[in-house]
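[1] Take a look and give me a structure for this.
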Amino acid sequence: MIDPGLTVRRSRTVVLAFEGPGLVAYDFLARSTAALSPTAVALLANAGDWCHAGALKEGVGRLLEPGPPSGGLDAFLDAELEALLAAGILIAAGSPAAARDAEYERDWEWGLVTGLYHFGSKDQPYMPPEVVPEFLSRRMAESAPVELHLSNAALQPAIDLPSPNGSDRLLELMRRRRSYRGFDEGAPIALRELRDCLFAGLGITGFARVPFEPHDLPIKMTPSGGGRNPYEGYVIARHVEDLPRGVYHYSGAENSLGRVSWDPIPAFHDLLGGQTWMDGAAALVLLVAHLRRTMRKYAFPTAYRVVLLEAGHIAQNMLLAATERGLASVPTCALDDAAVERLLGARRLTETVVYAVAIGRRAPPSPVDLNDIRPNPVLG
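    Okay, the predicted model is just below:
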């Protein structure tokens, strides 16, 4: 039986959706769902603010009189409330769910729709690698082909551009960059090679003083929306010369590594959606966004998109630096969010891992690497 004095409220992270003929509540922060009866909808509608369960039952009960024919109205409403509380759709004052809800209400400024995408896309299940080829083969056979590039054949007369200069060192480096997962298990990389990759993506080269800002803005070699510098880099070092195994934070301002934890460190595939071919990498760099840095200046949801885009800028610089040094490297966003956050001690609500880059010595290609790449004949 529900205590009539229990203080309850509807969770701030609940959205409703139709599923078949029925209505379902989904709490994207608690990652819980509950099928809703008309009575449950009425209870949630009347619990927008903290209220006593007894008063909530009384108000909704008046709408239902004379009530269910068996078991009694009170027992019926108790059962509905218990189901909503168990699913976390309705929360009780003083509970961990209430504390999480209050933190969300205080710190998340990008609205319900952005929150639904952000938290709803975390901690996704991944297929075991051994079943992926069959799945992809079946999916491609069952769906219509989609063009992967557009031609100007219908936009005549098209203007043919001169071929890019093959002697341009930067363009040639970009042409050589490939996602490559054939890592030489156990072969170390040099500390200076790791440093160069970290500095290329996360190194702070200067500080800019601007009006209205209490702190100077960090300047890096990658674009950052509003100069907010939301990303921090964490390194899991397995085989790096002169660097003990462990987890480190890279300070872009100090160009230093600070130890977060020693061994045991997890296997990379445990953090990367079961991708066992990543286990041979010498180091894994995790890009963690501190959302409040951007949110404090830009309270509109587009700023969230800007944060996600920045991870790509950072990773590309790191990958180019690795390519220039003859290393194998590959980015991935197949991440076990909860495992990474536990490892780093990140605040789940406003500190989120977005991207990862694996770096190591090259070995023969893995089964998932591209082995048949033909040059574009237009480039000569």
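
[2] and stretch 269-276, how far from the chain's centre?
    15 Å (CA atoms, centre = their mean, to the nearest Å).

[3] Tell me the secondary structure of the residue nearest in space to the middle of the chain, please.
    In the chain, the residue lying closest to the centroid (CA atoms, centre = their mean) is V354, at 4.0 Å. Under DSSP: H, G, I helix; E, B strand; the rest coil, V354 falls in the strand class.

[4] Next, find the distance separating it from A315.
    For V354, the distance to A315 (CB to CB, to the nearest Å) stands at 9 Å. Any C-beta I mention is one placed from the backbone N, CA and C, and that applies to glycine too.

[5] Now do the buried residues in stretch 284-296.
    Neighbour-count burial for stretch 284-296, counted by 16 or more other CB atoms under 10 Å, picks out 284-295.

[6] So which residues of this structure form helices?
    Counting by DSSP state H, one finds helices in the chain at the ranges 38-45, 53-64, 73-87, 96-107, 111-120, 132-142, 169-176, 191-202, 268-271, 291-295, 302-324, 337-344.

[7] ok, and what's touching the last one?
    Contact with helix 337-344 is made by 122-123, 234, 247, 260-261, 266, 270-271, 286, 288, 346, 348, 351-353, as judged by CB atoms under 8 Å, 6 or more residues apart in numbering.

[8] Try it again at 10 Å.
    119, 121-124, 232, 234, 236, 247, 249, 260-261, 265-266, 270-272, 284, 286, 288, 335-336, 346-348, 351-354, 356 (CB atoms under 10 Å, 6 or more residues apart in numbering).

[9] swap in the fourth one?
    Among residues not part of helix 96-107, those counted as contacts by CB under 10 Å, 6+ apart are 7-14, 27-30, 32, 50, 85, 88-93, 95, 115, 119, 291-292, 295, 347-350.

[10] Give me the common contacts of V354 and A315.
    Joint contacts of V354 and A315 (CB under 10 Å, 6+ apart) are 231, 287, 333.

[11] Which pLDDT does the model give the closest residue to the second one other than its chain neighbours?
    If I follow you right, that is L287. Leaving aside its sequence neighbours, L287 sits nearest to Y355 (CB to CB, 6 or more residues apart in numbering; 4.4 Å). Reading off the confidence values, Y355 has pLDDT 98.

[12] now do E213
    84.

[13] you'd agree it is up against N229?
    No. Taking contacts as CB atoms under 10 Å, E213 lies outside contact range of N229: 11.8 Å.

[14] who has more neighbours, these two?
    Using other CB atoms under 10 Å, the more surrounded residue of E213 and N229 is N229, with 21 against 13.

[15] what's that one in contact with, if anything?
    Contacts of N229 by CB under 10 Å, 6+ apart are 202, 204, 217-220, 222, 252-253, 290, 293-294, 310.

[16] before we move on, the earlier item: using neighbour counts, trim the contacts of helix 96-107 to the buried set.
    Using 16+ other CB under 10 Å, the buried ones in those are 8-14, 27-30, 32, 85, 88-92, 115, 119, 291-292, 295, 348-350.

[17] Please point out which parts of the helix or strand of the chain with the lowest mean pLDDT sit buried.
    Lowest on mean pLDDT, DSSP states H and E among the helices and strands of the chain sits helix 53-64, with a mean of 89. Applying a neighbour-count criterion of 16+ other CB under 10 Å, the buried positions in helix 53-64 are 53, 56-57, 60-61.

[18] returning to what we had before: as a markdown table, the contacts of N229 with distance to L23 would be great.
    Formatted as a markdown table, these follow (distance: CB to CB, whole Å):
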| residue | distance to L23 |
| --- | --- |
| L202 | 46 |
| I204 | 50 |
| L217 | 47 |
| P218 | 47 |
| I219 | 50 |
| K220 | 47 |
| T222 | 45 |
| G252 | 48 |
| A253 | 51 |
| H290 | 36 |
| R293 | 38 |
| T294 | 35 |
| E310 | 38 |
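
[19] Just the buried subset of those, please.
    So, by 16+ other CB under 10 Å, the buried ones in the contacts of N229 are 202, 204, 217-218, 220, 222, 252, 290, 293-294, 310.

[20] tell me the phi and psi of G274?
    phi 80, psi 10 (degrees, to the nearest 10).

[21] That one contacts D336, doesn't it?
    Yes. Judged on CB under 10 Å, G274 makes contact with D336 at a distance of 8.9 Å.

[22] one step back: could you export the buried ones among the contacts of N229 as JSON lines, including distance to L36 and pLDDT?
    Shown next, in JSON lines, are the buried ones among the contacts of N229 (distance: CB to CB, whole Å; pLDDT from 0 to 100):
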{"residue": "L202", "distance to L36": "46", "pLDDT": "98"}
{"residue": "I204", "distance to L36": "50", "pLDDT": "98"}
{"residue": "L217", "distance to L36": "47", "pLDDT": "94"}
{"residue": "P218", "distance to L36": "47", "pLDDT": "96"}
{"residue": "K220", "distance to L36": "47", "pLDDT": "97"}
{"residue": "T222", "distance to L36": "45", "pLDDT": "97"}
{"residue": "G252", "distance to L36": "48", "pLDDT": "97"}
{"residue": "H290", "distance to L36": "36", "pLDDT": "97"}
{"residue": "R293", "distance to L36": "38", "pLDDT": "96"}
{"residue": "T294", "distance to L36": "35", "pLDDT": "96"}
{"residue": "E310", "distance to L36": "39", "pLDDT": "98"}
